[in-house]
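Student: Show me how the following folds:
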Amino acid sequence: MKFLAPFILVLGIGQPAIAGVDDAVDRYILPSLSAFAEAAEDLDRAAQADCRPEAVTPTFHAAFDAWMTIGDLRIGPSEIGALSIAFWPDARGFTGRTLSQLIAEEDPVAGDVEGYAEVSIAARGLFALEMLIFDPEFSGYAP
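Tutor: Residues are numbered from 1 along each chain as shown. This next block holds a predicted model:
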């Protein structure tokens, strides 16, 4: 009898551990991922039209805000791909160094979408873009 009580207790609390998963996926995770994808597409379109800081700032903020709602989710593709969207924390300053090197060398990969996907994650994603938009060392570029 003394082993029956813990068994019943485990059965009773095991079920709530999975309760609400479908709800979370349908009502929060999928809509939030979709909102981020749309915001990222808007940012892409804005940057294609005019990549100067003042032109992309509003869509950058929208994409960053959309990312913040899902950035801590590590499921599916986002489990591995999250660092390429938000390489953070960057305590060693890889982002600034990598961007500086690409700019100083006038590396042609900067204009090659396919090739840029192979560049260090430190020079990709939202935090690298944030540096290009807001850091005075990087943000003085022309169209």
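Student: can I assume residue 90 is in contact with residue 128?
Tutor: No - contact criterion Cβ atoms under 8 Å: residue 90 and residue 128 do not qualify, at 9.3 Å. The C-beta positions use only the backbone N, C-alpha and C, and glycine is treated the same way.
Student: what do those two both touch?
Tutor: residue 122 (Cβ atoms under 8 Å, 6 or more residues apart in numbering).
Student: And these two? Which one has more around it.
Tutor: residue 128 (25 against 15; other Cβ atoms under 10 Å).
Student: What's the mean pLDDT across the helix or strand containing that one?
Tutor: Element membership for residue 128 (DSSP states H and E) is helix 125-134. Averaged over helix 125-134, pLDDT sits at 97.
Student: Please apply the same query to stretch 24-33.
Tutor: 93.
Student: what about that stretch, start to end distance?
Tutor: Taking Cα to Cα, to the nearest Å, stretch 24-33 runs 12 Å from one end to the other.
Student: And the helices in the protein?
Tutor: For the chain, the helices defined by DSSP state H cover 4-14, 21-24, 30-49, 53-68, 78-85, 94-104, 113-116, 125-134.
Student: confidence score at the residue nearest the centre of the chain?
Tutor: Among the residues of the chain, the one closest to the centroid is residue 85, at 3.2 Å (Cα atoms, centre = their mean). We have a pLDDT of 93 for residue 85.
Student: Could you find the closest non-adjacent residue to it?
Tutor: residue 125 (4.7 Å; Cβ to Cβ, 6 or more residues apart in numbering).
Student: so that neighbour touches residue 90, yeah?
Tutor: No - the criterion here is Cβ under 8 Å, and residue 125 misses it with residue 90 at 10.6 Å.
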